[in-house]
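Participant: Sequence and predicted structure are below.
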Amino acid sequence: MSESANTAQPAVPAPFLLRRLHSLAGIIPIGAFLCIHLTTNASIVWGRLGHGGVETFQHEVNFIHSTPFLLLIEVFGLWLPIGFHAVLGFYYAFTGSSNVAHYGYGANWRYTLQRLTGYFGFIFILYHVATLRWGWTWLPFASGFDAHTAASSTAQAIQGGADTSALGGFLIGALYLIGVLALIYHLANGLWTAAITWGLTISAGAQRRWGFVCSGAGLALAALGVMAFVGFVTLDLEAARQTESRLHSEIVNADTPQIAPAVAENNTTTNQSER
């Protein structure tokens, strides 16, 4: 047998490769998008210290919506990775087993919470996008949503709009806060387990140190999530609608060609030629 045959590397098993891709998709792009999304939403609060929370938030939203090829980015950079991560995640969760009832160790609790937050987070994402992006107002407690607005519609959803009962507004608020915190925990704990999956933290000491980093990142993201939630709950809806309308008018006017000077110039040229 030749030396090259003896030194040949074995093929990577497909299940092992899928687990790595599953953890990678949960971090990039899904986790990265969650960080950006929470930072954008939190601008509703810190913007009040400057030019106004709604205006700062709306500028961020308008910037995102003006991104070239936004639909393609959403489909291939977000929805397909979410679908891939969710399908494999459900498979791993259903084929795995939790023994937290018999062994109440921290690792077992993290294992169970990772799967529970995955289930709830997936439903929350679908509800959030369906009501605020797709305008599915037929969903429970979603009649106060308006898919064509940003800051005021989110605040209306959380606070409870004119067509949404007080109970519905309370449930929406609880859903948003729990959903955001569930996704944050899922990401932070997923970062910790991903390092093990990729062989980056082998020793117990490395896993403990990386755990501190992941916990700090999770707490920071949770602070952004709570900040955004408080900002939308305390938002003046009428002022938000006025600011939103004004910024929309500015964008429309900026995109409208200014033909009046050209008409005036043509008229002047015509009058001079007739003299």
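Facilitator: Nice, thanks for sending it over.
Participant: could you pull out the strands for the stretch 101-250 of the chain?
Facilitator: Here the stretch 101-250 of the chain has no strands by DSSP state E, counting those that start in this stretch.
Participant: can you pull out the helices in it?
Facilitator: For the stretch 101-250 of the chain, applying DSSP state H, counting those that start in this stretch gives helices covering 106-132, 151-159, 166-197, 204-233, 237-255.
Participant: Can you pull the phi/psi pair for residue 200?
Facilitator: phi -90, psi -30 (degrees, to the nearest 10).
Participant: And for it, the neighbour number?
Facilitator: By the criterion of other CB atoms under 10 Å, residue 200 has 11 neighbours. For the C-beta atoms, the positions are set from N, CA and C on the backbone; glycine is no exception.
Participant: contacting residues around it?
Facilitator: By CB atoms under 8 Å, 6 or more residues apart in numbering, the contact set of residue 200 is 206, 210.
Participant: rerun at 7 Å
Facilitator: Residue 200 makes contact with no residue, according to CB atoms under 7 Å, 6 or more residues apart in numbering.
Participant: before we move on, the earlier item: would you mind telling me which of the helices of the stretch 101-250 of the chain is nearest residue 14?
Facilitator: With CB to CB as the measure, helix 166-197 is the member of these nearest residue 14 (14.8 Å).
Participant: what helices or strands is the closest one leaning on?
Facilitator: Secondary-structure packing of helix 166-197 (3 or more CB pairs under 7 Å, 6 or more residues apart in numbering; DSSP states H and E): helix 14-25, helix 106-132, helix 151-159, helix 204-233.
Participant: still on that earlier bit, what would the helices of the stretch 101-250 of the chain look like in CSV with mean neighbour count?
Facilitator: Output for the helices of the stretch 101-250 of the chain, formatted as CSV (neighbours: other CB atoms under 10 Å):
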stretch, mean neighbour count
helix 106-132, 17
helix 151-159, 24
helix 166-197, 19
helix 204-233, 16
helix 237-255, 14
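Participant: Worst mean pLDDT among those helices?
Facilitator: Of all these, the minimum mean pLDDT falls on helix 151-159 (a mean of 60).
Participant: Residue 24 is nearest to which of the helices of the stretch 101-250 of the chain?
Facilitator: Nearest to residue 24, of all the helices of the stretch 101-250 of the chain, is helix 166-197, at 7.4 Å by CB to CB.
Participant: quick revisit: what would the helices of the stretch 101-250 of the chain look like in a markdown table with distance to residue 86?
Facilitator: Output for the helices of the stretch 101-250 of the chain, formatted as a markdown table (distance: least, CB to CB, whole Å):
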| stretch | distance to residue 86 |
| --- | --- |
| helix 106-132 | 5 |
| helix 151-159 | 23 |
| helix 166-197 | 11 |
| helix 204-233 | 20 |
| helix 237-255 | 32 |
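Participant: of all these, which lies closest to residue 17?
Facilitator: Across those, residue 17 has its closest neighbour in helix 166-197 (10.9 Å, CB to CB).
Participant: what is the orientation angle of the closest one with helix 106-132?
Facilitator: If you take axes from the mean of the first three to the mean of the last three CA atoms, to 10 degrees, helix 166-197 sits at 130 degrees to helix 106-132.
Participant: Just send the helices and strands packed on helix 166-197 back as TSV, with distance to residue 39 too.
Facilitator: Below are those laid out as TSV (distance: least, CB to CB, whole Å):
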stretch	distance to residue 39
helix 14-25	21
helix 106-132	17
helix 151-159	15
helix 204-233	6
